[in-house]
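**Q** Return a 3D structure for these sequence lines:
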Amino acid sequence: MAKTGGDLLIERLIEWGVDTIFGLPGDGINGLFESLRTHQDQIRFIQVRHEEAAAFMAAGYAKFTGKLGVCMATSGCGGFHLMNGLYDAKYDGQPVLAITGHTFHDISGSFYQQDADLTKVFMDLAPYNERIMGPDHVVGAVDQAIRTALGQRTVSHLSFPKDFQDWTVSDDTRSMPNVKGHTSVLKVSTNITPDLEQLQRAADIINAGQKVAILVGRGALKAGDEVIQLAEAVGGPIIKALLGKAVVPDDSPYTTGGIGLLGTAPSQDALEECDTLIMIGSHFPYLDYYPKPGQAHTVQIDLDPTHIGMRTPVDVGLVGDSKTILLALLSLINRKEERQFLEKAQERMKFWRELMTERGTQTAIPMKPQVVPHLISPLLNDDAIITCDCGNNTTWAARHIQMRGTMQFSTSGLLATMGSGLPYAIAASVAYPGRQVVALVGDGGFTMLMGEMATAVKYKLPIKVFIFHNNSFGQIKWEQIVMEGNPEFGVDIQSIDFAAYAKACGATGFTIDDPKNAAEIIRQALAHDGPVIVDAIVDQNEPPMPGKITTDQAIELTKALIRGERDTSDIIKNIIGNQLSEAVATKGRSLLTMLPGIGK
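**A** Presented below is the predicted three-dimensional model:
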């Protein structure tokens with residue numbers, strides 16, 4: 001029996017090693033679904049409740065496995081729904097193939113039902129973005145789409161007209177230049193190394209530095225051992241961008257943890273004081289956290305040459321795989337006997353860790369949000385996979401979840417979109433059956449795609465979802481107050497009983513509202529054999545303040561309090577209650593010393 005266009009696509013995906021597709025069925029891709037049905041012993045389909053979640057799952061699958069993520073949606077509306085998750089993949093450099101339907105090829109452009117030209121819609125999104133022109137076009141288009149996605153670590157898109165999915169090669173006429181068998185499945189290595197002259201230039205700069213700091217991101221995730229060797233050699237701290245949280249364990253004596261609004265004061269101190277910066281697999285976006293231009297000589301290692309010099313002036317750029325380059329570079333690095341810069345960072349981290357323990361062990365009611373991840377962290381398996389959404393929950397996860405062993409961690413990085421935490425967790429559980437998967441999400445982000453909890457139940461995925469329930473879009477609230485100097489507005493959200501919702505989906509639900517009971521409930525939740533939601537009722541007035549407060553941030557906060565912020569007294573109470581010891585960890589620069597009328 002002649003193969004259909006749908007068969008050709010699915011079989012080529014299988015040849016490329018694709019074993020999972022996330023998606024939602026629809027009229028515009030029924031031909032592809034028939035091929036999925038007849039090949040279900042070789043490739044699995046994970047049905048979602050919303051196409052946006054399918055794209056997030058494909059991105060998460062790529063992040064946690066290093067393989068191609070694939071998602072599928074129907075024509076028109078289904079394709080539109082994919083876009084947020086696909087932009088998340090693009091911005092975080094993940095290889096994802098999106099396959100969408102299209103109306104019948106010979107009525108395209110006639111305003112037929114769901115007749116949207118998704119190749120035009122996806123122009124900014126996907127570097128490889130093609131409409132299938134018939135069965136004889138399928139194999140070549142699939143190959144080039146996958147080569148582009150893997151080679152450029154980006155999104156590719158194929159739009160497949162409905163009738164071509166059912167056509168066979170006998171219905172098509174191959175053009176003369178389209179030689180059968182001209183394209184092949186081949187995965188190539190990106191383990192390239194700069195020449196010795198470039199490596200020596202980089203080594204000379206590093207060897208000349210007196211205060212060397214190392215900034216790592218997701219591009220260094222497979223080079224943790226080499227990063228630690230480098231830190232030992234240069235006597236410098238390792239600072240971790242959020243997507244690089246798992247590069248080295250959080251208890252390593254060489255790391256000062258994260259950077260940015262959700263980072264640590266010692267990391268910011270190190271970047272403010274270094275004279276040499278080594279950037280490895282990171283283009284951390286917040287420019288004001290980098291050394292001031294002219295302050296530090298910089299060596300940058302990145303697989304993408306367009307990232308070199310994007311964020312800060314760079315003296316030497318080394319293009320290639322981080323692990324490969326570090327292995328070549330380490331032999332040229334002289335071990336520094338002077339360790340004062342590292343020792344100062346380590347002393348600061350001692351105080352910072354004490355501060356985090358103090359924050360995570362508070363017994364006040366309403367329960368402080370830090371309590372939840374602080375209790376979860378030591379109970380995690382050494383190979384746990386942790387996802388989080390974007391919001392206040394990201395700050396608590398970044399600071400209190402301690403990476404160790406072969407743990408993996410991710411969130412939406414450059415796009416910083418809400419709604420990704422739950423789909424990421426589902427993708428991780430699909431990819432790694434038997435591994436512990438925990439999602440830390442806000443009530444706002446969770447409700448965006450909360451229908452996917454039913455997906456976890458359907459596929460018996462034992463994910464554990466912890467919801468920071470503060471009835472607010474909390475991060476936006478604090479941005480309004482601290483960044484803009486405005487009283488909060490439009491950020492309150494209607495409360496939902498998430499434990500009851502879990503049960504309605506067929507999962508198990510717990511509620512925590514008292515720190516005294518939190519540890520036992522968390523243990524029960526993690527031990528349960530099945531999907532779980534833990535509804536953690538937390539203080540909505542707990543500020544997710546930066547590791548170090550700038551004068552401008554203090555001034556804007558004061559403005560908001562003066563201009564009518566409704567929770568002024570509770571906010572001030574929390575600042576005083578939580579930050580008495582912050583001056584120690586931030587060289588005397590706590591809010592208590594900066595807020596007019598409080599620190600005097």
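**Q** Determine the number of other residues adjacent to residue 479.
**A** 17 (other C-beta atoms under 10 Å). C-beta: built from backbone N, CA, C; applies to glycine.
**Q** swap in residue 185?
**A** 13.
**Q** Surely it forms part of a helix?
**A** No. Counting by DSSP: H, G, I helix; E, B strand; the rest coil, residue 185 is not part of a helix but coil.
**Q** Report the contact partners of it.
**A** 12, 15-16, 143 (C-beta atoms under 8 Å, 6 or more residues apart in numbering).
**Q** Grab the most central residue of this protein for me.
**A** By C-alpha atoms, centre = their mean, the mean C-alpha position of the chain lies nearest to residue 411, the distance being 2.5 Å.
**Q** Specify the next element, helix or strand, located C-terminal of the lengthiest helix in the chain.
**A** As assigned by DSSP state H, the longest helix anywhere in the chain is helix 340-360. Following helix 340-360 in sequence order, the next helix or strand is helix 371-376 (DSSP states H and E).
**Q** so what strands line up beside whichever helix or strand comes after that next one?
**A** Later in the chain than helix 371-376, the nearest helix or strand by DSSP H and E is strand 385-388. Strand 385-388 sits in its sheet next to strand 408-410 (parallel), strand 437-442 (parallel), going by DSSP bridges.
**Q** Turn the ones you listed into JSON lines, columns for distance to residue 263.
**A** Listed next are these as JSON lines, based on distance: least, C-beta to C-beta, whole Å:
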{"stretch": "strand 408-410", "distance to residue 263": "14"}
{"stretch": "strand 437-442", "distance to residue 263": "17"}
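**Q** Which one of those strands lies nearest to residue 332?
**A** strand 408-410 (31.1 Å; C-beta to C-beta).
**Q** Contacts for that closest one, please.
**A** 60, 63-64, 218, 243, 245-246, 384-388, 397, 401, 403, 424, 428.
**Q** From those residues, which land in strands?
**A** 385-388 (DSSP state E).
**Q** For the longest helix of the chain, list the C-alpha coordinates in CSV.
**A** This file holds the C-alpha atoms of helix 340-360, laid out as CSV (Å, rounded to 0.1, in the frame of the first residue of the first chain):
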residue,chain,number,x,y,z
GLN,A,340,41.6,36.4,49.1
PHE,A,341,38.9,37.2,46.5
LEU,A,342,37.5,33.7,46.7
GLU,A,343,37.8,33.6,50.5
LYS,A,344,35.9,36.9,50.9
ALA,A,345,33.1,35.6,48.7
GLN,A,346,33.0,32.4,50.8
GLU,A,347,32.7,34.4,54.0
ARG,A,348,29.9,36.4,52.5
MET,A,349,28.1,33.2,51.4
LYS,A,350,28.3,31.9,55.0
PHE,A,351,26.3,34.8,56.2
TRP,A,352,23.9,34.6,53.2
ARG,A,353,23.2,30.9,53.8
GLU,A,354,22.5,31.7,57.5
LEU,A,355,20.1,34.4,56.3
MET,A,356,18.3,32.1,54.0
THR,A,357,18.0,29.5,56.8
GLU,A,358,16.5,32.2,59.0
ARG,A,359,14.0,33.2,56.3
GLY,A,360,13.1,29.6,55.5
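**Q** What average pLDDT does it get?
**A** Averaged over helix 340-360, pLDDT sits at 95.
**Q** And stretch 460-470, by the same measure?
**A** Mean predicted confidence for stretch 460-470 is 97.
**Q** In it, which residues are buried?
**A** Residues of stretch 460-470 classed as buried: 461-470 (neighbour count, 16 or more other C-beta atoms under 10 Å).
**Q** With stretch 487-500 instead?
**A** For stretch 487-500, the neighbour count (16+ other C-beta under 10 Å) marks 487-488, 491, 493, 496, 498-499 as buried.
**Q** go on, stretch 212-227?
**A** Applying 16+ other C-beta under 10 Å to stretch 212-227 flags 212-221, 223-224, 226-227 as buried.
**Q** May I see those residues organised as CSV, with secondary structure, distance to residue 189 and pLDDT added?
**A** Formatted as CSV, the buried residues of stretch 212-227 follow (DSSP: H, G, I helix; E, B strand; the rest coil; distance: C-beta to C-beta, whole Å; pLDDT from 0 to 100):
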residue, secondary structure, distance to residue 189, pLDDT
212, strand, 30, 98
213, strand, 30, 98
214, strand, 25, 98
215, strand, 26, 98
216, strand, 22, 98
217, coil, 21, 98
218, helix, 19, 97
219, helix, 16, 97
220, helix, 18, 98
221, coil, 17, 98
223, coil, 15, 97
224, helix, 20, 98
226, helix, 18, 98
227, helix, 21, 98
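**Q** Let's have those residues in TSV, adding distance to residue 453.
**A** Shown next, in TSV, are the buried residues of stretch 212-227 (distance: C-beta to C-beta, whole Å):
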residue	distance to residue 453
212	46
213	42
214	39
215	37
216	34
217	31
218	27
219	33
220	33
221	28
223	36
224	33
226	40
227	37
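**Q** Looking at the ones in strands among the contacts of strand 408-410, which one is closest to residue 451?
**A** Closest to residue 451, out of all of the ones in strands among the contacts of strand 408-410 and judged by C-beta to C-beta, is residue 387, at 17.2 Å.
**Q** wait, the closest one sits on residue 425?
**A** Yes. Between residue 387 and residue 425 there is a contact under C-beta atoms under 8 Å: 4.8 Å.
**Q** overlap in contacts of the two?
**A** 60, 437-439.
**Q** the strands in the stretch 451-600 of the chain, which residues?
**A** Counting by DSSP state E, counting those that start in this stretch, the stretch 451-600 of the chain has strands at residues 464-469, 508-512, 532-537.
**Q** So for residue 262, which of these sits nearest?
**A** Short answer: strand 464-469, nearest of the strands of the stretch 451-600 of the chain by C-beta to C-beta, at 13.7 Å.
**Q** which residues sit against that closest one?
**A** Taking C-beta under 8 Å, 6+ apart as the rule, strand 464-469 contacts 369, 372-373, 376, 391-393, 396, 421-422, 425, 436-443, 446, 453, 474, 495, 498, 525-526, 528, 531-538.
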